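# Pasting a predicted model and its sequence here:
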Amino acid sequence: MALTGEPPAALSRFQKLAVLLGLSGLFIVLLAGFNVDFPNKGIWLSISLTAIFIGVFWFTKEAYALKLKGIKNDGVWFKSISSKGLWAWITGISLTGFYIVLYFFPEFLGLVKNGSNTGIIALFDPLSKLLSGNPASQWFVYGSLYTVAILAFGIKFIWKYRHNRYEIIRTISVMFFQTAFAFIIPEIMARLNGNLPYYDLKNIWPLNYYNFERYRINAFIDSGDIGMAMLLFGVLSVFVISPILTYKYGKRWYCSWVCGCGGLAETAGDSFRQLSDKSLSAWKVERWVVHSVVVFVTLMTTAVIYSYLGNDTSKYWLTKNYFLIGVALLLTLIFVLVMVFKREQFQKDARYGAIGYFAIIMALIGFHYLSGDGNVFLFKSETLRKSYGFLIGSIFSGVIGTGFYPIFGNRVWCRFGCPMAAILGFQQRLFSRFRITTNGGQCISCGNCSTYCEMGIDVRAYAQKGENIVRSSCVGCGICSAVCPRGVLKLENGPLKGRIDGNEVLLGNDVDLMTLVNQK
Amino acid sequence: MEKIVIIGNGVAGVTAARHIRKNSNKRIIIISAETDHFFSRTALMYVYMGHMKFEHIKPYEDWFWEKNKIELLRGYVSKVDHEKKELQIEDARILKYDKLVLATGSKPNKFGWPGQDLHGVQGLYSKQDLDLLEINAPNKEVCKRAVIVGGGLIGIELAEMLRSRDIPVTFLVREKSFWNVVLPDGESEMLNEHILDHHIDLRLEANLTEILADDSGRVKAVITDKEETIECQMVGLTPGVSPNVSFLNDSGIELGRGIKVNRFLETNIKDIYAIGDCAEQHEPIGNRRPIEAVWYTGRMMGETVAQSICGNRTEYKPGHWFNSAKFLDIEYQTYGWVFSSNGRKEHEQHFHWRHSKEKICLTIAFHKETRIFLGINTFGIRLRHEIFDKWLNEGRDVMHVIKYLKDANFDPEFYAAYENEIAAEFNLKFGTDIKPEKKNWKRIFAIG
């Protein structure tokens, strides 16, 4: 006999209507995809996006508004969509298909080079013209749908967690940053100053790995003061702003409050957070993969910048050689500081990894000086950039990262692929006030925290030992704390002292016994 | 190599095994008839509700046991022979031990009700009970109504579980208010309201008289002491638990309700220990009961017995009492002692505060004359364990607690805070003039 549970209830009548409404909105987009030429595209686009938005909104209201506020995870593992069932696979495959078309075959969406758009992209032309004055591109279509998804599912998320003010405020924040910074401001900037490159100001290197490429640097410089200000901001955000904020609040200030990838994961992806792999082996894979991406992006960016710098100091102070020496010095400085001051906090294999990677980069820089001019390191910078853009920028972040939400969970990209998350995480682990405090001995090892951790952290493993959770991958979404039935977990920014060591005394017996247990 | 055998793979037995492994190379064998691997008993409800799958409530991955050389044996111990130092498993196999730890847990109480063994009648304690519930109450079509008998923690959990599948629930509670043998009246009253808000048919001061069967021997209705007949397809019996010790009846090990142990968790027989739910102290420790069927105490006893077994004979000295639970959507925490109106001592005075709209409240107990702080219950407010442990150690008075309550708040960031309101009400009631201090990290971490 199969001992599987059954979902608590089928859809209500209004939920069915909401599904109808939302899908009819999508259907309009789909029809446009089959080259149905809508007259009055502005109106049809408005109808479509509004229908999608209201469909999600209405469905959610029916699902949560009538229930008492509290944790709403009933039946998560019984529903096909949230437990890798048929609907999950259908959704995953459809999304993946969409990403493949978007990245590699935009002409199927109606993109026409040197001519007016057709299909879906043409449907979005009126909105694009309204904002930037230019016709839409596949990226504009994607950005619009992305924003609608974050807004509609953001409202869903707020409704679902309406007892939890941390979740409400955080979600309003990601909705704001997506709508304003990723969607509207860059389009308006393009309207005001046509030379400015598209710049989502909240995207920070290495997430926008292309930021320091030659064409962008030139565009920044050509746009005068405002361009220079943006370039300066790009550099400051990597080296000053983000380290300060991460020190004060942990990487959550970015990953679950500002970032667009994180925003989509937290809102549209919320139903899939329980699917992340919590096993120890997954953690080992994660550390190697994500740090390899960091090494890759560092090499690639260095190579790209190097490739367009000159050799002559009289033309520009920053030459190829100065730049490489600068990179080497910066990396060495970080490496030495960490090894001197934070060595104890590193686990063994993390230390080997760090030493290994450091050696690789240094060796490559050394090769360059030994092998003379021509290529950078051992590679052509252009090849590096192209393979990074293809492998990481498209395949990993889009096709796998989002397309596979319903199979691998909603933060696959953030966990295994995002170099920005890895760098912020490195700092969060070693130099930040943020931690998840475990409340003395109150843990009952139930596993809700680990199950609903989208980053696949085995939160319970720490909580049941009375240890605080200080993990580089934690994005600070706060759901572990929300789903804990016993009030054990609290995200907080406290003093560095005592951040990692838990208070084992309360877990067990009286103080005498625990001094014995703690003597290692 | 000394061979340690532990009967029971719950939190007590497994904690003992882990700590014995930490401190020694002894051979460790854990026997369980219930499951292959340790799971969190308190989380069984979430499996039925679909929040988690069974594999999620296992705190350690399956490779953990072999890696730590903890041998797991599935079987039911039917007899203990302490003279030969051996166990009989399922009346057949023999297993020798050098030291034996009994961590057999509890079983649900049944009080001899007519019909209590019918099909469709069950308790909720073990993995088997969970599997049975999937048969008895898979959905609201098969189970059109369930009746739960016994108003304690397991009763309300079972009600929440069944409601998650929209099954109508009638909840028979003997007392005149839910769990008021443990909780002060104001808190118990608030929970009554919350239970009704969840559309649970709460019947206070109602007792079960009889369970009726249909022709096939399945439950079809219950009769209450008010001579009311309630039709139902499932009956949950949750009037508490008692130690699971019947297999030891003729073993020579001294039994009361549980296995009698001294403060070192030793039974009357050398090299046999008992820990967790099944252990019964000769003398209660402080205000504690002689049998404590609580997750946390099971864990503490496991740690203690591991020390003794590894050569460092250690007394079981639990620190200040603490506990927690969740009643539907309301979290409950307690530190120190707050007694209900039946258990309250002469000198114990209460300060009760309740939010005007939300289901949030707290009760602080203190000594009437000295105003020494005795304990706190909170509902819907999380508190910092360390802080209350410290205040209890230091013997602080209730004014100190009110003044520094912000240090002890453990709610997530941005939550509405009620300390000022609480202090104002305290001032009003007791004629004091306490101004709450701001939260201060230095004070919070000034421990030890």
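Sure thing, it's come through. Keep in mind it's a predicted model, so treat the numbers as computed, not measured.

# can you give me the helices in chain B?
For chain B, the helices defined by DSSP state H occupy B:11-23, B:44-49, B:63-67, B:127-136, B:153-163, B:185-197, B:295-309, B:385-394, B:398-403, B:405-408, B:419-430, B:441-445.

# which one of those is the most hemmed in?
Highest mean neighbour count among the helices of chain B (mean count of other CB atoms under 10 Å in any protein chain shown): helix B:295-309, with a mean of 26. (C-beta placed from N, C-alpha, C; glycine too.)

# What count of nearby residues applies to B:Trp353?
Using other CB atoms under 10 Å in any protein chain shown, B:Trp353 has 19 other residues around it.

# Distance of it relative to B:His282?
39 Å (CB to CB, to the nearest Å).

# Any idea which residue of the stretch 301-448 of chain B lies closest to chain A?
B:His385 (2.7 Å; CB to the nearest CB).

# Leaving out chain neighbours, which residue sits closest to that residue?
With sequence-adjacent residues excluded and distances taken as CB to CB, 6 or more residues apart in numbering or on different chains, B:His385 is closest to A:Gly440, at 2.7 Å.

# mind checking pLDDT for the one you found?
Looking at A:Gly440, its pLDDT is 85.

# and if you look at A:Asn321?
Per-residue confidence at A:Asn321 stands at 79 (pLDDT).

# where in the stretch 301-448 of chain B is pLDDT low?
Along the stretch 301-448 of chain B, segments meeting pLDDT under 70 span B:447-448.

# Run through the residues of it sitting next to chain A.
Applying CB under 8 Å from any CB of the partner chain, we find that the stretch 301-448 of chain B lies next to chain A at B:303-304, B:307, B:312, B:314, B:316-319, B:322, B:324-326, B:328-329, B:331, B:333, B:382-386, B:389, B:410-416, B:441, B:444-445, B:447.

# Could you count how many residues lie near A:Phe431?
Residues contacting A:Phe431 under the criterion other CB under 10 Å number 16.

# mind listing what the spatially closest residue to it that is not a sequence neighbour touches?
Excluding the flanking residues, the one nearest A:Phe431 by CB to CB, 6+ apart is A:Tyr247, at 6.1 Å. By CB atoms under 8 Å, 6 or more residues apart in numbering or on different chains, the contact list for A:Tyr247 reads A:427, A:431-433.

# Show me what counts as buried in the one helix or strand A:Ile355 maps to.
Taking DSSP states H and E as the definition, A:Ile355 sits inside helix A:348-371. Neighbour-count burial for helix A:348-371, counted by 16 or more other CB atoms under 10 Å in any protein chain shown, picks out A:353-354, A:357-358, A:361, A:364-365, A:368.

# tell me which element the residue of the stretch 51-200 of chain A found nearest chain B falls in.
Closest to chain B within the stretch 51-200 of chain A is A:Gly70: 3.3 Å, counting by CB to the nearest CB. Counting by DSSP H and E, there is no helix or strand that carries A:Gly70.

# bridging residues for the residue nearest to B:Met1 when sequence neighbours are not counted?
Of all residues not flanking B:Met1 in the chain, B:Arg27 sits nearest, at 5.1 Å (CB to CB, 6+ apart). Counting by DSSP bridges, B:Arg27 is bridged to B:Lys3.

# can you tell me which residues contact the residue nearest the centre of chain B?
In chain B, the residue lying closest to the centroid (CA atoms, centre = their mean) is B:Val294, at 3.8 Å. For B:Val294, the contact set (CB under 8 Å, 6+ apart) comprises B:Asn323.

# hang on, the earlier thing: considering the contacts of A:Tyr247, which is situated nearest to A:Asp458?
Nearest to A:Asp458 out of the contacts of A:Tyr247 is A:Ser432 (CB to CB; 20.6 Å).

# For the closest one, report the pLDDT, please.
93.

# Next: A:Leu3.
With respect to pLDDT, A:Leu3 scores 44.

# since we're on the residue of chain A at minimum distance from chain B, how many residues are nearby?
The nearest approach of chain A to chain B comes at A:Gly440, 2.7 Å away (CB to the nearest CB). Using other CB under 10 Å, the number of residues around A:Gly440 comes to 26.

# before we move on, what SS does it have?
Three states are possible here, and by DSSP: H, G, I helix; E, B strand; the rest coil the one that applies to A:Gly440 is coil.

# isn't it right up against B:Phe322?
Yes. A:Gly440 is within contact range of B:Phe322, at 7.4 Å (criterion: CB atoms under 8 Å).

# Tell me who's in contact with B:Leu118.
Contact analysis of B:Leu118 by CB under 8 Å, 6+ apart lists B:211, B:213, B:217-219, B:235.

# same thing with B:Glu141?
Taking CB under 8 Å, 6+ apart as the contact definition, B:Glu141 lies against nothing.

# Mind checking which of the residues of the stretch 301-448 of chain B next to chain A are buried?
Among those, those classed as buried by 16+ other CB under 10 Å are B:303-304, B:307, B:314, B:316, B:318-319, B:322, B:324-326, B:328-329, B:331, B:333, B:382-386, B:389, B:410-412, B:415, B:444.

# Looking at neighbours, which among the contacts of B:Leu118 is most surrounded?
When the contacts of B:Leu118 are compared by neighbour count (other CB under 10 Å), B:Val235 ends up highest, at 26 neighbours.
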